[in-house]
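# Need coordinates for the following:
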Amino acid sequence: MIETIRELNKRMRARSRRNEVEYDEEGRAIIGMTVRSDEGFLSDFSIGRKPVVGEGVAAFLEECAMAFSPKEAICIKIYSDCIDKKERELYSVALREYYVRHYDEKRREIRQKTLFSAIFFCVGFLALCSMILFSFLQRYPVLSEVLDIFAWVFLWESVDLFFLQRKMLLAERSRYLRFTDAKLLFFPLSQRESDELSNQVQHKERFSMNKSCGVW
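Residues are numbered from 1 along each chain as shown. Reported below is the predicted structural model:
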């Protein structure tokens, strides 16, 4: 439960950077990534012949994506002088393969959490009914107290699994789905500076517009 709350707080802090997110002409949220060396871009391990991106690359992309909604489409701009045409195609396949697998994994986790939530709710509800019955009959007062605690622990765990942990998994699943169909663009490093200047201009225009409209 504590870990769930910490993760929710982390996501809320990341969402506070939403004003920094840039969008392309198609409305996709842009993630800019500079690659000076692609040595660790691919993972050393993969299932079958299809490669997957390394954990460091995936962690960076997911950290950047926390600044906007999981349902928003994504455009990944990679700035690098060390990635050739053949590697671009390979990295595009590896990125999609990584997130397809994680999407399937999250889908299984959601089904599992839903099942466990239902089981815990049934156990807690039965324990609560037994406690009410013993209290009504005024028998086994100690057992009645134990069942009361037992019931609320299982009922609360059921709520935690279904409404908190499951909701987080649904958001992660949506995020991974967006990564599977993300637009992947490659540019030379020299393009990064001009794009950053363009982004600064957009930020100033957006700030001026929000200020004139009274939106902060």
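# centroid residue for this protein?
Compute the mean C-alpha point of the chain, and by Cα atoms, centre = their mean the closest residue is residue 172, 3.4 Å away.
# Mind checking what secondary structure that one has?
Following DSSP: H, G, I helix; E, B strand; the rest coil, the label given to residue 172 is helix.
# what about the nearest residue to it once chain neighbours are set aside, how many neighbours?
Take residue 172 and drop its neighbours on the chain: the residue closest to it by Cβ to Cβ, 6 or more residues apart in numbering is residue 106, 5.3 Å away. (Each C-beta comes from the backbone N, C-alpha and C, glycine too.) Residues within reach of residue 106, counting by other Cβ atoms under 10 Å, total 20.
# State the helix or strand in which residue 106 lies.
Using DSSP states H and E, residue 106 maps to helix 85-137.
# Please compute how far that helix lies from its chain's middle.
Mean C-alpha position of helix 85-137 versus that of the full chain (Cα atoms, centre = their mean, to the nearest Å) differs by 14 Å.
# Quick one: list the elements packing against the helix or strand following that helix.
For helix 85-137, the following helix or strand on the C-terminal side (DSSP H and E) is helix 141-159. In this structure, helix 141-159 packs against helix 85-137, with contacts taken as 3 or more Cβ pairs under 8 Å, 6 or more residues apart in numbering; DSSP states H and E.
# re the thing from before, isn't the residue nearest to residue 172 right next to residue 177, touching?
No: applying Cβ atoms under 8 Å, one finds residue 106 not in contact with residue 177, separated by 9.2 Å.
# what's the next secondary structure element after the helix-or-strand element of the chain with minimal mean pLDDT?
Within the chain, no helix or strand scores below helix 2-15, which has a mean of 60 by mean pLDDT, DSSP states H and E. Per DSSP H and E, the first helix or strand lying C-terminal to helix 2-15 is strand 22-23.
# quick one: average confidence on that next one?
Strand 22-23 shows a mean pLDDT of 89.
# change the start of the numbering to 11 and stick with it
Yes, from this point I'll number from 11; that puts the last item at strand 32-33.
# Mind listing what's buried along the helix or strand following that strand?
The helix or strand immediately downstream of strand 32-33 is strand 39-44, counting by DSSP H and E. Using 16 or more other Cβ atoms under 10 Å as the test for burial, strand 39-44 gives 39, 40, 41, 42.
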